[in-house]
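Q: with the input below, show me the fold.
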Amino acid sequence: MSKIDATNAKTSPESKGVLTGFVQNIGYEVMPFKGTDEKVFADVPTSVPLTVTATGGKGIDVTLDLVKRLAKEGYSVAPHLPARLFRDDAELADVVGQLKDVDIRRVFIVGGDAPTPAGKFQDAYSLLQSLDEMGHHFEEVGIGGYPEGHALISDNALNTAMNLKAPHATRILTQICFNAETTTKWAEGLKRQGISLPIFVGMPGPVSRQKLMRISAGLGLGQSASFLKKQQNMFWRFFMPGGYRPDRLIKGLTATVPKADTNIQGFHIFTFNDLAETEIWRRQLVQSAIEQEGR
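A: Modelled structure (predicted):
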C-alpha cells in the first residue's frame, strides 16, 4: 500500500498538528456477523475503541453478545441501542443492567431502521429521556449527526431532534459524508446553536468500490450517495486502484477544520468488518501524522 496523501501535501501553519489530534481519536464501527470477534482479536489493538451495530433483522441480543465477548478481552466497546427495537422501559432497563454487569460504560443511541417501532420508543430522543429518568451508569452516550441530512427526515426535523438529544449526550458520531467542507460547515452550525458536544466524523475505511456503493445506497447518504450512483464514470476522483480510501477526505478536513469554529475532534471509521485493511491504513495514518509534526 502507498502512504496516504496527507504525507505528500504541503502543511499550512493552521493545519500543523490537526492530523495528530485526529489520529489520537479514532474509533472503529463493526457489525455483529459470524467471526467478527476473531477478526477483531487478530487485527485490532485494544487501544482502538469500538462500536457494534444493531439492526432489526438480527435484533439487539446479537449485538450484546458480541459486545460482551469483546469487552472480556479488554476492548472499550459501545453497543448501538436502536430505540425502535425496544418494547418498553423494562426491556431497556434489562439491557442497561446487562451492560453494567460487564462494565460497559459507553453506548450509541440511534433511532434505528425498523419500519415500525416495537413499542413505546419512536426515536432516539424518547429512549434518551427514559435512560435519564431511570438513571444509568454510562460515562459516554453517543448520538448521530447528519451533515448532509437524511433521506427520510426533513432538515428541520433533524435540527429539532439534535437540539432535544444533545443535552442527554456526550458526543456526536456523524453519518458518512464525502465532502470535508460540507461536514465542517454543518459542525460550525451546531456550534452557533450552542451545541458544543465533541464531534467524530464518520467515514468509510479502506473498502472496495462495490461494497461502498451497496452500503451507501442502503443508508441513503444524501448528495454523496447521489454522486456515487449518478457519476460512476468519475469514480477515479474518489477511488484508488482496488477501492476507496478516506485519504482525500482527511486531507480536506485537516485543511478546513483549523479555519472554522467547530468541535470536530476525531474520526469514526465504518470498517464494514474489513479490519485487517483498516488497521494497516490507520497505522499508516498515525505515521503520517508523526512525519507531519516533524516538518
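
Q: so where do the strands sit in the stretch 151-295 of the chain?
A: Applying DSSP state E, counting those that start in this stretch to the stretch 151-295 of the chain gives strands spanning 171-174, 199-204, 239-240, 243-244, 264-270.

Q: could you spell out the sheet neighbours of the last one, each with its direction?
A: In its sheet, strand 264-270 lies beside strand 26-30 (parallel), strand 199-204 (parallel), with partners assigned from DSSP bridges.

Q: quick one: low-confidence ranges for this protein?
A: For the chain, applying pLDDT under 70 flags the ranges 1-16, 212-242, 295.

Q: picking that back up, dump the strands of the stretch 151-295 of the chain to TSV, plus mean neighbour count and distance to Phe41.
A: Bear in mind the C-beta positions are built from the backbone N, C-alpha and C, glycine included. As requested, these are exported to TSV (neighbours: other CB atoms under 10 Å; distance: least, CB to CB, whole Å):
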stretch	mean neighbour count	distance to Phe41
strand 171-174	22	24
strand 199-204	24	22
strand 239-240	16	28
strand 243-244	20	24
strand 264-270	23	18
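
Q: reformat those as TSV; add distance to Ile60.
A: Formatted as TSV, the strands of the stretch 151-295 of the chain follow (distance: least, CB to CB, whole Å):
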stretch	distance to Ile60
strand 171-174	18
strand 199-204	21
strand 239-240	35
strand 243-244	30
strand 264-270	20
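
Q: for Val40, find the nearest of the ones you listed.
A: Of all the strands of the stretch 151-295 of the chain, strand 264-270 sits nearest to Val40, with 13.2 Å by CB to CB.

Q: got the CA positions of the closest one in CSV?
A: Taking Å, rounded to 0.1, in the frame of the first residue of the first chain, the C-alpha atoms of strand 264-270 are listed here in CSV:
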residue,chain,number,x,y,z
ILE,A,264,-14.6,18.2,15.4
GLN,A,265,-12.2,16.1,17.4
GLY,A,266,-11.7,12.7,15.7
PHE,A,267,-12.9,10.0,13.2
HIS,A,268,-15.5,7.3,13.4
ILE,A,269,-14.4,4.7,10.9
PHE,A,270,-17.1,2.5,9.3
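
Q: what lies in contact with it?
A: Strand 264-270 is touched from outside by 21-29, 51, 173-174, 176, 183-184, 187, 198-205, 215, 246, 250, 253, 257, 278, 282, with contacts defined as CB atoms under 8 Å, 6 or more residues apart in numbering.

Q: swap the cut-off to 6 Å and go again
A: 22, 25-29, 173, 187, 198-202, 204-205, 257 (CB atoms under 6 Å, 6 or more residues apart in numbering).

Q: make JSON lines out of the strands paired with strand 264-270 and add distance to Gly149.
A: Listed next are the strands paired with strand 264-270 as JSON lines, based on distance: least, CB to CB, whole Å:
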{"stretch": "strand 26-30", "distance to Gly149": "20"}
{"stretch": "strand 199-204", "distance to Gly149": "14"}
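
Q: of all these, which one is nearest Val62?
A: Across the strands paired with strand 264-270, closest to Val62 is strand 26-30 (CB to CB), at 12.2 Å.

Q: could I get the closest one in CSV with only the CA atoms?
A: Provided in CSV are the C-alpha atoms of strand 26-30 (Å, rounded to 0.1, in the frame of the first residue of the first chain):
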residue,chain,number,x,y,z
ILE,A,26,-10.1,7.2,16.0
GLY,A,27,-12.7,4.5,16.7
TYR,A,28,-14.0,1.6,14.6
GLU,A,29,-17.5,0.5,13.9
VAL,A,30,-18.0,-3.2,13.4
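
Q: following element in sequence after it, please.
A: helix 36-43 (DSSP states H and E).

Q: name the helices or strands packed onto the longest helix anywhere in the chain?
A: Taking DSSP state H as the criterion, the chain has its longest helix at helix 275-293. Applying 3 or more CB pairs under 6 Å, 6 or more residues apart in numbering; DSSP states H and E, one finds that helix 275-293 contacts helix 18-23, helix 36-43.
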